[in-house]
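Enquirer: Predicted model, plus sequence, below.
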Amino acid sequence: MSNTLEETLETAAARSGQAAISARHVGVTYQRRGQVTEAVQDTSFELPNGSWMSLLGPSGCGKSTLLRVLADIVRPTEGAVLLSGRTPAQARAERAFALVSQQAAMLPWRRLRENVGLGLEVAGTDKRERERRVEEVIDLVGLTGFERAYPHELSGGMKQRAAIARALTLRPNLLLMDEPFGALDELTRERLNFEVLRILEETGAALVLVTHSISEAVILSDTVAVMSSRPGRIFHTETIPFGRMRSSAMRDDPRFARIEGVLRHKLMDEAS
Amino acid sequence: MTASLRQAGQFLLAVLLVGLAWQLVSGLGLVKVYVLPPPLDVLRAFADNRPTITHHALVTLWTSLAGLALGTVLAALAALGMAYSGLLHRAFRPLVVMLSACPIIGVIPILVVAFGDGYGPRVAVAAVASFIVTALYLVNGLSRTDALADELMHSLNASAWQRLRMVQSFSAVPYLMAALKLSVSTCVIQAIVAEWISGTSGLGYLVQFAGYSFRIDVMWAAVLTAVVITLGLLGILALVESLVFPWAVAEGRSL
Ligand SMILES: Nc1ncnc2c1ncn2[C@@H]1O[C@H](COP(=O)(O)OP(=O)(O)O)[C@@H](O)[C@H]1O
Ligand SMILES: [Mg+2]
């Protein structure tokens, strides 16, 4: 008996010691109708538990592809990734991560609250708990009052917020987001940035965010990984020194502008 | 609302114009009255024979609806099987296509010999007609889901049953509605033809009987009644669609 308990504790300790993400020499080559595209090349990185990372890079450089490898949608043709020591497929089966994809996928036949509750419904969460959490996150993303609306009655930004809400209901250890704030206006965008950070802080979840906004990357990350144009590989990693004290006041910190400048130059060099 | 009112107005205007043209053509003797009696005569025939026409119209209506229901249910089962098993799909889809090329009408006399001249053979003929259309449409509807929705369900780790229940059954709805809209008119026509060939009641029988008795006005009244039945059923379908599946109409998913 005591043995089992010890083992359990050891496994837990080992797990918690494991990085949220550990990517080793990941490469992805697409083959479609004879056309071969090398999207991601020899990419390795490690994301500590509860840590936040952004992927920044020119469009078409393989950011989404890399994220989809983590989310078990694309299988890497080379290398491997582990999410807290598990393969992406295992992590998906355990619902250890939640994905917000580039286009907000809403089921047209479901009202907003049913779309937001979809993840919990699939996971078999009981109805009352589901309704409670759905109401909570809908309030959080500022969609209260639209619970009964169908997707065709919502703007692009509202659908995007609903997709974020759906991911948040699952309280994942790892949140994977692909340009989730792209369709939003500047103010909503910044408000949601900080809301997401607050939730991540509360739950201790790790984040991988694909974005092409430099300031968003700085606000939302502990590390920003800059990718080269296709085939994408991480050629620069910038550490963001702001710890967990994040607010819009960050922008006034001289370090913010300096880091933004560094990242802008890296990106521009890459684009030319 | 105003748009649909205007549409209804334009439709009524078209009906009036056609009626007027018809009245002129047969009233001026351009077409023999015994081929095409003027519309007012047809309306009068309708009024004079209302109980008879209503009786036969109801027979046709129930025959078509029974055929439609039976065909649709069988088609749904067949489509589910074909959507889930590649083997069933390869084996049976060509058979359904062959069935669609088959002049079922020609078989009616044999069906009548086998099953009598009751409703059975007529319902069967109507059912086959709707089965063909609906099975072919639904197979497509069940297998053509949105890639984005597939990916969403995949990342939520949904089971095959959850996908069927939460995604595929809904993405098949527009296909089902389109199939039903096509089926309605074919079902009514097939039922009428079956009645014409073998029936002892129904609009098809009435058309034939009126023709033999040179009551051309009654014949045309029966034909118009069939048109009204089909249009009525189509209207009910559109109403049901907008009430039960508003998203399908709004997304332009209504085929
Ligand atoms: N499913 C796919 N099949 C073939 N090529 C793809 C596929 N998905 C993406 N690509 C190609 O891979 C490259 C990287 O795409 P993506 O990862 O979407 O880039 P990003 O998100 O950085 O804009 C692009 O050239 C794109 O055309
Ligand atoms: Mg992308």
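Expert: Yes, it's here. Ligands and ions are numbered 1, 2, ... in the order given.

Enquirer: Can you name every helix or strand that the helix or strand harbouring residue A:30 contacts?
Expert: Using DSSP states H and E, residue A:30 sits in strand A:21-32. In terms of contacts (3 or more C-beta pairs under 8 Å, 6 or more residues apart in numbering or on different chains; DSSP states H and E), strand A:21-32 is packed against strand A:35-47, helix A:63-70, strand A:78-83. (Each C-beta comes from the backbone N, C-alpha and C, glycine too.)

Enquirer: Of all the ones you listed, which one comes closest to chain B?
Expert: helix A:63-70 (8.7 Å; C-beta to the nearest C-beta).

Enquirer: which one is residue A:88 nearest to, not counting chain neighbours?
Expert: Excluding its sequence neighbours, the residue lying closest to residue A:88 (C-beta to C-beta, 6 or more residues apart in numbering or on different chains) is residue A:72, at 3.6 Å.

Enquirer: What is the burial count for that neighbour?
Expert: 21 (other C-beta atoms under 10 Å in any protein chain shown).

Enquirer: Just name the most buried of the helices and strands packed on strand A:21-32.
Expert: Mean neighbour count (mean count of other C-beta atoms under 10 Å in any protein chain shown) peaks for helix A:63-70 among the helices and strands packed on strand A:21-32, with a mean of 25.

Enquirer: In which helix or strand does the one residue in the stretch 151-255 of chain B that gets nearest to ligand 1 reside?
Expert: Relative to ligand 1, the nearest point of the stretch 151-255 of chain B is residue B:151 (10.9 Å; C-beta to the nearest ligand atom). Element membership for residue B:151 (DSSP H and E) is helix B:147-155.

Enquirer: what separates stretch A:88-100 from the chain centre, distance-wise?
Expert: Relative to the centre of its chain, stretch A:88-100 is centred 12 Å away, using C-alpha atoms, centre = their mean, to the nearest Å.

Enquirer: Can you measure across that stretch, start residue to end residue?
Expert: Its first and final residues considered, stretch A:88-100 spans 16 Å by C-alpha to C-alpha, to the nearest Å.

Enquirer: Buried residues in it, which are they?
Expert: For stretch A:88-100, burial by neighbour count (16 or more other C-beta atoms under 10 Å in any protein chain shown) applies to A:88, A:91, A:92, A:95, A:96, A:97, A:98, A:99, A:100.

Enquirer: Out of those residues, list just those in strands.
Expert: The strands, defined by DSSP state E, take in A:97, A:98, A:99, A:100 from these.

Enquirer: now these as JSON lines including pLDDT and distance to residue B:6?
Expert: Below are these laid out as JSON lines (pLDDT from 0 to 100; distance: C-beta to C-beta, whole Å):
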{"residue": "A:97", "pLDDT": "94", "distance to residue B:6": "53"}
{"residue": "A:98", "pLDDT": "93", "distance to residue B:6": "48"}
{"residue": "A:99", "pLDDT": "94", "distance to residue B:6": "46"}
{"residue": "A:100", "pLDDT": "93", "distance to residue B:6": "43"}
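
Enquirer: what helix or strand is residue A:270 on?
Expert: Per DSSP H and E: helix A:254-271 holds residue A:270.

Enquirer: I figured residue B:59 was touching residue B:206, is that so?
Expert: No. When contacts are counted by C-beta atoms under 8 Å, residue B:59 is not listed as touching residue B:206 (9.1 Å).

Enquirer: of these two, who's got more company?
Expert: residue B:206 (30 against 22).

Enquirer: Centre of the chain to the helix or strand hosting that one, how far?
Expert: Under the criterion of DSSP H and E, residue B:206 resides in helix B:203-212. Helix B:203-212 has its C-alpha centroid displaced from the chain centroid by 21 Å (C-alpha atoms, centre = their mean).

Enquirer: Repeat that for stretch A:179-194.
Expert: Worked out by C-alpha atoms, centre = their mean, stretch A:179-194 lies 14 Å from the chain centre.

Enquirer: tell me which residues of that stretch are tucked away?
Expert: Neighbour-count burial for stretch A:179-194 flags A:179, A:180, A:181, A:182, A:183, A:184, A:188, A:189, A:190, A:192, A:193 (criterion: 16+ other C-beta under 10 Å).

Enquirer: How about stretch A:124-132?
Expert: Under 16+ other C-beta under 10 Å, the buried positions of stretch A:124-132 are A:125, A:130.

Enquirer: ok, which residues in chain A are in contact with chain B?
Expert: Within chain A, the residues that sit near chain B (C-beta under 8 Å from any C-beta of the partner chain) are A:71-73, A:92-93, A:95, A:98-99, A:101, A:103, A:105, A:107-109, A:118-119, A:121-123, A:150-153.

Enquirer: Recalculate using a threshold of 7 Å.
Expert: For chain A, the residues in contact with chain B (C-beta under 7 Å from any C-beta of the partner chain) are A:71, A:73, A:92-93, A:95, A:99, A:101, A:103, A:105, A:107-109, A:118-119, A:122, A:150, A:152.

Enquirer: Weed out the non-buried ones from those.
Expert: So, by 16+ other C-beta under 10 Å, the buried ones in the residues of chain A next to chain B are A:71, A:73, A:92, A:95, A:99, A:101, A:105, A:107-109, A:118-119, A:122, A:150.

Enquirer: Dump those to CSV, plus distance to ligand 1.
Expert: Converted to CSV, these look like this (distance: C-beta to the nearest ligand atom, whole Å):
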residue, distance to ligand 1
A:71, 12
A:73, 9
A:92, 18
A:95, 24
A:99, 14
A:101, 11
A:105, 16
A:107, 22
A:108, 23
A:109, 26
A:118, 24
A:119, 23
A:122, 24
A:150, 29
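
Enquirer: Grab the two from the residues you listed that are most spread out in space.
Expert: Distance extremes for those: the farthest pair is A:92 and A:150 at 28.3 Å, using C-beta to C-beta.

Enquirer: which residues of the chain fall in helices?
Expert: I went with chain A, as the question did not name one. A:2-17, A:63-70, A:88-93, A:112-116, A:118-123, A:127-140, A:156-169, A:186-203, A:214-220, A:254-271 (DSSP state H).

Enquirer: Chain B is the one I meant
Expert: Secondary structure of chain B, counting by DSSP H: helices at B:2-27, B:39-48, B:50-84, B:86-100, B:108-115, B:119-143, B:147-155, B:160-163, B:169-171, B:173-198, B:203-212, B:216-244, B:246-250.

Enquirer: Any regions of the chain where pLDDT drops low?
Expert: Assuming you mean chain A. A:1-17, A:271-272 (pLDDT under 70).

Enquirer: was after chain B, sorry
Expert: Residues of chain B that meet the criterion pLDDT under 70 lie in B:1-2, B:251-255.

Enquirer: Point to the residue nearest the middle of it.
Expert: With distances taken as C-alpha atoms, centre = their mean, residue B:184 lies nearest the centre of chain B, 1.2 Å away.

Enquirer: which residues does the residue nearest to the spatial centre of chain A contact?
Expert: Nearest to the geometric centre of chain A sits residue A:176, at 2.2 Å (C-alpha atoms, centre = their mean). With contacts defined as C-beta atoms under 7 Å, 6 or more residues apart in numbering or on different chains, residue A:176 is in contact with A:67, A:70, A:71, A:97, A:99, A:208.

Enquirer: Return the residues of chain A in contact with ligand 1.
Expert: Counting by C-beta under 6 Å from any ligand atom, the residues of chain A lying close to ligand 1 are A:30, A:32, A:37, A:39, A:57, A:59-65, A:230.

Enquirer: Among these, which pair sits farthest apart?
Expert: A:32 and A:57 (21.8 Å).

Enquirer: ok, those two, which is more surrounded?
Expert: Using other C-beta under 10 Å, the more surrounded residue of residue A:32 and residue A:57 is residue A:57, with 27 against 7.

Enquirer: and the residue nearest to that one when sequence neighbours are not counted, what does it touch?
Expert: Distances taken as C-beta to C-beta, 6+ apart place residue A:227 nearest to residue A:57, at 3.2 Å, with adjacent residues excluded. Residues counted as contacts of residue A:227 (C-beta under 7 Å, 6+ apart) are A:55, A:56, A:57, A:61, A:62, A:63, A:233, A:234.
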